[in-house]
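Undergrad: sequence plus the predicted model coming up.
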Amino acid sequence: MTDTSAVHRTVTAAARSWGERLVALSHGLHDEPETALREHRSAAKIADLLESGGFAVTRGVADLPTSLVATRGTGDLVIGFCAEYDALPGIGHACGHNVNGAAAVGAALALAAAADELGLTVKLIGTPAEEDIGGKVLLLDAGVFDDVAAAMMVHAAPEDSVGASSLAIGAWDATYLGKPSHAALAPWEGVNALDALTIAHTAIGLLRQQLPPGVVVHGIVTDGGQAVNVIPARTRARCEVRAQNVEQLATAWQRVRACFEAGALATGAELQLQQRGRDFADLRQDPAMTEVYARVLGGLGRTAVARHGESMASTDMGNVSQRVPTIHPTIGYDTGGAQQHTPEFSAYGKSPGADRAVLDGATALALTGACLATSPAQRSRLLTGVRNRQRG
């Protein structure tokens, strides 16, 4: 029979032994922020650290150059940790992915110290482009999660929380193609692509009144024309739609799409719509795993706020959660009141509180994995789930 107390001591001690290197990893990611699918230095830092910890690392998985998969152990129960490390354009790690990524790496390294004793395979999955096309969705489709019995990560935030959901999200790039002409001498000979985009944005603004609660539409203009005295022949925009679940998202998008089509119809411009990446599904956190995580986090002197039934923003971890038992709690630190996706939030990414979040998040995730492995009921449930998924 496994001595669970001894296992917990082993895992906790391992997490602490990696502490300085995990904080250095977090700071290194923060100091060199890289945006979606350009995270070459970030992925290399993570891969190198895992290799130094005895993990077998495969880089560039599923045709994603900045993805990676690292494994250690040979047990039948595969515990997966998801590491994020992409930054936001212009504002760096304003979503705290340096903390997320370092904590996941730390969890893998810590749990690996007991992998053989617990009959585990520890699997760290480096997931690029969470802020863009959703690397986890592509890795999920490529079969990277097929053998994973439980998937986990923590996300940086101003507070510790468990149990929240997230909004499903889809993104589209819209391009209008018109006809250029001199804006003063012969504007009637042109087809104004900017007018088409203006009509679309106006229609979307009016549509918002009749969208269901929880449905959010937001976008930016990425190309509004090249010269003020030329009727714009091409304009571009990016639009995101969020909803409570994937079914509601599909319905909402059809109404938003009609707004873009209205711009083309009214002006005579040609509309081109292209989905960007894959839809992110709503997050469904596993209740039993959530309970375990909250308990071990409490043992570290932290108290997580229960957010059951509440929605966070959006994450591609939602897609994973609908296939694999998953938790995606937040790990908190003082951000001076700043929320994610702001420069102010990014400024706290190397603070003492953020460093503690890396170490506590790593320890709590690793201990959660150990608890799942040593519970006969949970182990059986998770292994049965994997077998059922693999049978199709």
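TA: Happy to help now that I have it.

Undergrad: in the stretch 201-350 of the chain, which spans are strands?
TA: Along the stretch 201-350 of the chain, counting by DSSP state E, counting those that start in this stretch, strands occupy 216-223, 234-243, 270-275, 305-306, 326-327, 330-332.

Undergrad: now those as JSON lines including mean neighbour count?
TA: For the C-beta atoms, the positions are set from N, CA and C on the backbone; glycine is no exception. Shown next, in JSON lines, are the strands of the stretch 201-350 of the chain (neighbours: other CB atoms under 10 Å):
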{"stretch": "strand 216-223", "mean neighbour count": "14"}
{"stretch": "strand 234-243", "mean neighbour count": "21"}
{"stretch": "strand 270-275", "mean neighbour count": "14"}
{"stretch": "strand 305-306", "mean neighbour count": "14"}
{"stretch": "strand 326-327", "mean neighbour count": "26"}
{"stretch": "strand 330-332", "mean neighbour count": "25"}
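
Undergrad: out of the ones you listed, which is closest to F55?
TA: Closest of the strands of the stretch 201-350 of the chain to F55 is strand 326-327, at 21.6 Å (criterion: CB to CB).

Undergrad: what helices and strands are in contact with the closest one?
TA: Counting contacts by 3 or more CB pairs under 8 Å, 6 or more residues apart in numbering; DSSP states H and E, strand 326-327 is packed against strand 150-152, helix 287-299.

Undergrad: give me the angle between the host helix or strand of A357 and helix 287-299.
TA: A357 belongs to helix 352-374 when elements are defined using DSSP states H and E. For helix 352-374 against helix 287-299, the angle by axes from the mean of the first three to the mean of the last three CA atoms, to 10 degrees is 130 degrees.

Undergrad: quick check: buried residues in helix 352-374?
TA: Judged by neighbour count using 16 or more other CB atoms under 10 Å, the buried positions of helix 352-374 are 354-374.

Undergrad: ok so, going back, hey, which of the helices and strands packed on strand 326-327 is tucked in deepest?
TA: strand 150-152 (a mean of 28; mean count of other CB atoms under 10 Å).

Undergrad: whatever helix or strand comes next after that one pairs with which strands, and in what direction?
TA: Using DSSP H and E, the next helix or strand after strand 150-152 towards the C-terminus is strand 155-157. Using DSSP bridges, strand 155-157 pairs in its sheet with strand 330-332 (parallel).

Undergrad: quick one: contacts of the strand it pairs with?
TA: Applying CB atoms under 8 Å, 6 or more residues apart in numbering, the set of residues contacting strand 330-332 from outside is 99, 103, 154-161, 164, 302, 312, 357, 360-361, 364.

Undergrad: can the strands of the stretch 201-350 of the chain go into a markdown table with extra columns for distance to S181?
TA: As requested, these are arranged in a markdown table below (distance: least, CB to CB, whole Å):
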| stretch | distance to S181 |
| --- | --- |
| strand 216-223 | 18 |
| strand 234-243 | 13 |
| strand 270-275 | 16 |
| strand 305-306 | 58 |
| strand 326-327 | 54 |
| strand 330-332 | 53 |
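
Undergrad: just so I know, which of those lies nearest H30?
TA: strand 330-332 (15.4 Å).

Undergrad: and the closest one, how far out from the chain's middle?
TA: A distance of 14 Å separates the centroid of the chain from that of strand 330-332, by CA atoms, centre = their mean, to the nearest Å.

Undergrad: stretch 236-247 too?
TA: On CA atoms, centre = their mean, the centre of stretch 236-247 falls 16 Å from that of its chain.

Undergrad: pull the CA atoms of that stretch into PDB?
TA: Coordinates of the C-alpha atoms in stretch 236-247 are reproduced here as PDB (Å, rounded to 0.1, in the frame of the first residue of the first chain):
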ATOM      1  CA  ARG A 236     -10.200  44.300 -43.100                       C
ATOM      2  CA  ALA A 237     -11.500  43.600 -39.600                       C
ATOM      3  CA  ARG A 238     -11.300  40.900 -37.000                       C
ATOM      4  CA  CYS A 239     -14.400  40.000 -35.000                       C
ATOM      5  CA  GLU A 240     -14.900  37.700 -32.000                       C
ATOM      6  CA  VAL A 241     -18.200  36.400 -30.700                       C
ATOM      7  CA  ARG A 242     -18.500  34.800 -27.300                       C
ATOM      8  CA  ALA A 243     -21.500  32.900 -25.900                       C
ATOM      9  CA  GLN A 244     -22.400  30.600 -23.000                       C
ATOM     10  CA  ASN A 245     -21.800  27.400 -25.000                       C
ATOM     11  CA  VAL A 246     -20.900  26.300 -28.500                       C
ATOM     12  CA  GLU A 247     -24.500  25.900 -29.500                       C
END
